[in-house]
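**Student:** Got a predicted structure plus its sequence, pasted below:
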Amino acid sequence: MQADERIGAVVLAAGESRRLGRAKLLLPFGASTVIGCVVGALEAAGLEPVAVVAGGELGGLARALCSTRAKLVENRDPSRGMLSSLRAGLSALPPGAFVVALGDQPRLRARDIRRLVARWRRSRRGIAIATHQGKRGHPVLLDSPYRDRILSLSDDQTLRDLIWSQAEDVVEVECASDAVIRDIDTQEDYEAELRRARAEA
């Protein structure tokens, strides 16, 4: 990996928001939306291209991301799980290292993503994982050889399975913000993230 080689990103955004009961990624968050904040942080950190993998709500997501350079990728069968979305996103990225991010972490900060990338480059490891107070979260950065390993996983396996099997190739990157370990599943989660964002402003 060359120091100036671009790193792409896959944003997993194909969840059905069942527990919240409405399209959580399109909810307002600050001056943007939940998904807009995530993509904005990734782009501000210099990641390119950013592939956002969606199940439904394609029209809404396209509108929410119209001011970004993100590529919208459709997962035609999101019921197959997160691995199917990750594979779809990888198909939209050029060869090279890549970041896996969640679409429902709107307080994600560009500086933490840049820290993840910088620590990964120094570590000479294949995988870097954002953590907060020792707890692993997202984003996760993987070097290019892991692309083929992900594509070869069986449908009943997960990215977590792959990471655990490669423990010696992992570097954990501690982040000051708990944004890397929090996401939105319920209305209460959404309101809590709004409060945290206001407190950080």
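**Tutor:** Nice, thanks for sending it over. Being a predicted model, the structure only gives us computed values, none of them experimental.

**Student:** Would you confirm that residue 108 contacts residue 180?
**Tutor:** Yes: with contact defined as Cβ atoms under 8 Å, residue 108 counts as touching residue 180 (7.0 Å). Backbone N, C-alpha and C define where each C-beta goes, glycine included.

**Student:** joint contacts of these two?
**Tutor:** Residues touching both residue 108 and residue 180 (Cβ atoms under 8 Å, 6 or more residues apart in numbering) are residue 139.

**Student:** show me what contacts residue 37?
**Tutor:** Under the contact definition (Cβ under 8 Å, 6+ apart), the residues listed for residue 37 are 29-30, 106-108.

**Student:** Against residue 106, how distant is it?
**Tutor:** 4 Å (Cβ to Cβ, to the nearest Å).

**Student:** Which of the contacts of residue 37 ranks first by neighbour count?
**Tutor:** Per-residue neighbour counts (other Cβ atoms under 10 Å) across those peak at residue 106, which has 30 neighbours.

**Student:** How much space separates that one from residue 69?
**Tutor:** 19 Å.

**Student:** Please apply the same query to residue 76.
**Tutor:** 24 Å.

**Student:** can you give me how far the strand ranked longest in the chain is from the chain middle?
**Tutor:** Determined from DSSP state E, the single longest strand within the chain is strand 135-142. Computed by Cα atoms, centre = their mean, to the nearest Å, the chain-centroid distance of strand 135-142 equals 8 Å.

**Student:** packing partners for it?
**Tutor:** strand 98-102, helix 110-123, strand 127-132 (3 or more Cβ pairs under 8 Å, 6 or more residues apart in numbering; DSSP states H and E).

**Student:** ok, for residue 190, nearest residue in space, not its chain neighbours?
**Tutor:** Counting by Cβ to Cβ, 6 or more residues apart in numbering, residue 184 is the residue found nearest to residue 190 once chain neighbours are left out, at 5.1 Å.

**Student:** Likewise for residue 26?
**Tutor:** Residue 26's closest residue in space is residue 60 (Cβ to Cβ, 6+ apart), at 4.9 Å.

**Student:** what do you get for residue 113?
**Tutor:** residue 45 (3.7 Å).

**Student:** Touching, the one you found and residue 110? I think so.
**Tutor:** Yes: here residue 45 reaches residue 110: they are 4.2 Å apart, a contact under Cβ under 8 Å.

**Student:** and these two? which has more neighbours close in?
**Tutor:** A count of neighbours by other Cβ under 10 Å puts residue 45 above the other of residue 45 and residue 110, at 22 against 15.

**Student:** Now do the same contact list for the more buried one.
**Tutor:** 110-111, 113-114, 117.

**Student:** Pull up the gap between it and residue 109, please.
**Tutor:** 9 Å.

**Student:** now residue 138
**Tutor:** Taking Cβ to Cβ, one finds residue 138 at 13 Å from residue 109.
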